[in-house]
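K.L.:
Here is my input; please provide its structure:
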Amino acid sequence: LQSKNLVVYIFDNGVYSGSRISYPTATSGNTDLEAMAKGAGIKNAMTIQELEHFKKDGLAALERNELGFVVCKVEESLMHREIPRPTIDLAENKYAFVRYLERTEKKTIPFIGRG
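P.N.:
Numbers count the residues shown, from 1 in each chain. I've put the predicted structure just below:
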């Protein structure tokens, strides 16, 4: 039994993009997510590579009353590499966030153990 009101959109740039280097994903090679979705029984599966096709076909998937799977091929963005990196330790960041929640929610968050 498949959902009648669900459309899954995959925005695939074909890479795992880190702060300094990008590594190709399986979808940059032979892996075809549309074919996999169809193989799993999702008949309303498609791959879109152009914005105009997304506006027409990708959005039309929302109008159907059936399960949909839309793979949107997009270009890799490197803008995230320009974002300044944190200057505080991750543990310090965690504690600052928890203390903020305690102040704003007026609840104590207990810590068990370290980390």
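K.L.:
Model confidence for residue 65, exactly?
P.N.:
Among the per-residue scores, residue 65 shows a pLDDT of 88.
K.L.:
okay, now it: neighbour count?
P.N.:
Neighbour count of residue 65, defined by other C-beta atoms under 10 Å: 7. Where C-beta positions appear, they are placed from N, C-alpha and C, glycine not excepted.
K.L.:
ditto for residue 67
P.N.:
So residue 67, with other C-beta under 10 Å, has 21 neighbours.
K.L.:
List the contacts of it.
P.N.:
Contacts here follow C-beta atoms under 8 Å, 6 or more residues apart in numbering; on that basis residue 67 touches 2, 3, 4, 6, 7, 42, 44.
K.L.:
Just the residues you listed: which are in helices?
P.N.:
In this view, the contacts of residue 67 have no member that belongs to helices under DSSP state H.
K.L.:
In PyMOL, how would I select just the buried ones from these?
P.N.:
To isolate the buried ones among the contacts of residue 67 in PyMOL, judged by 16 or more other C-beta atoms under 10 Å, type:
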select buried, resi 7+42+44
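K.L.:
Nearest to residue 78 among the contacts of residue 67?
P.N.:
When the contacts of residue 67 are compared for distance to residue 78 (C-beta to C-beta), residue 7 wins out at 28.8 Å.
K.L.:
doesn't residue 65 make contact with that closest one?
P.N.:
No. In terms of C-beta atoms under 8 Å, residue 7 does not count as a neighbour of residue 65; the distance is 10.6 Å.
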